[in-house]
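Q: here you go, sequence then predicted model.
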Amino acid sequence: MYDELTPIDIKKMQDELDYRISVLRPKIIEEVKFTRSFGDLSENFEYHAAKRERGKNESRIRYLRNMIKTAVIIDTKSDDDVVGLFDTVTFYVEEDDCEETVRLATSLRRDPFQNIISKESPLGSALMGKKVGDRAEVKVSAEYSYYIVIRKIEKGTDDDSLEIRKY
């Protein structure tokens with residue numbers, strides 16, 4: 001399965017990839033060489049920590065390269081009266097008798113702690129394409145779903161303000 005990403009997602013990943021290869025990798029290699037000189041490798045905590053850091057960096061480099069290579073670039077434009085990517089949406093949860101507000105983003109830039117959800121999440125997919133006043137079913141699982149009513153849509157843009165997930 002390919003991730004649907006925006007041009008800004010790709011740019012952010014490419015910037016991180018360039019930094020990890022040209023700046024971080026040489027620093028880590030020097031750290032491994034330096035800590036190796038401390039002596040007995042079986043008891044050299046600093047050396048093992050540096051090697052572990054090198055492994056994490058190389059793993060992230062592989063991840064970023066793969067994401068960039070396999071990504072499907074998507075358009076973030078949507079009609080003014082329709083919920084789209086990067087829009088902030090206020091909705092009423094019938095079951096809980098309360099209102100909530102979320103912002104939709106790509107899976108790479110979701111942050112549930114900041115109420116930024118992925119468009120692929122159950123709630124995100126229920127919201128996408130809806131208009132103010134629409135009622136939608138959020139299917140959490142085969143056994144559980146709930147209904148929401150769209151109350152307000154604030155149009156947003158892919159403005160480079162949302163960070164990409166680290167891991």
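A: Sure, I can see it. Numbers count the residues shown, from 1 in each chain.
Q: beta partners of residue 89?
A: residue 102, residue 153 (DSSP bridges).
Q: hmm, it is touching residue 127, no?
A: Yes - applying C-beta atoms under 8 Å as the test, residue 89 and residue 127 come out as touching, 5.5 Å apart. Where C-beta positions appear, they are placed from N, C-alpha and C, glycine not excepted.
Q: identify the contacts common to these two.
A: Shared contacts of residue 89 and residue 127 (C-beta atoms under 8 Å, 6 or more residues apart in numbering): 83, 102, 104, 150.
Q: out of the residues you listed, which one sits closest to residue 9?
A: Residue 9 lies nearest to residue 104 out of the shared contacts of residue 89 and residue 127, by C-beta to C-beta, at 13.7 Å.
Q: on that earlier part again, among the shared contacts of residue 89 and residue 127, which are in strands?
A: 102, 104, 150 (DSSP state E).
Q: can you pick the most crowded of those residues?
A: Counting neighbours by other C-beta atoms under 10 Å, residue 104 comes out on top of these with 26 neighbours.
Q: quick one: distance of stretch 91-106 to the chain centre.
A: Offset of stretch 91-106 from its chain centre (C-alpha atoms, centre = their mean, to the nearest Å): 20 Å.
Q: how long is it end to end?
A: Counting by C-alpha to C-alpha, to the nearest Å, you get 20 Å between the two ends of stretch 91-106.
Q: pLDDT and distance to residue 66 for the shared contacts of residue 89 and residue 127 - can I get that in CSV?
A: Formatted as CSV, the shared contacts of residue 89 and residue 127 follow (pLDDT from 0 to 100; distance: C-beta to C-beta, whole Å):
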residue, pLDDT, distance to residue 66
83, 96, 30
102, 97, 28
104, 96, 24
150, 97, 36
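Q: out of these, which comes closest to residue 132?
A: Using C-beta to C-beta, residue 150 comes nearest to residue 132 of the shared contacts of residue 89 and residue 127, at 5.3 Å.
Q: check whether that closest one really touches residue 126, as I assumed.
A: No - Residue 150 is not in contact with residue 126 according to C-beta under 8 Å; the separation is 9.7 Å.
Q: what's the overlap in contacts for those two?
A: Contacts common to residue 150 and residue 126, judged by C-beta under 8 Å, 6+ apart, are residue 136.
Q: next, format the ones in strands among the shared contacts of residue 89 and residue 127 as a markdown table and append distance to residue 30.
A: Formatted as a markdown table, these follow (distance: C-beta to C-beta, whole Å):
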| residue | distance to residue 30 |
| --- | --- |
| 102 | 44 |
| 104 | 42 |
| 150 | 54 |
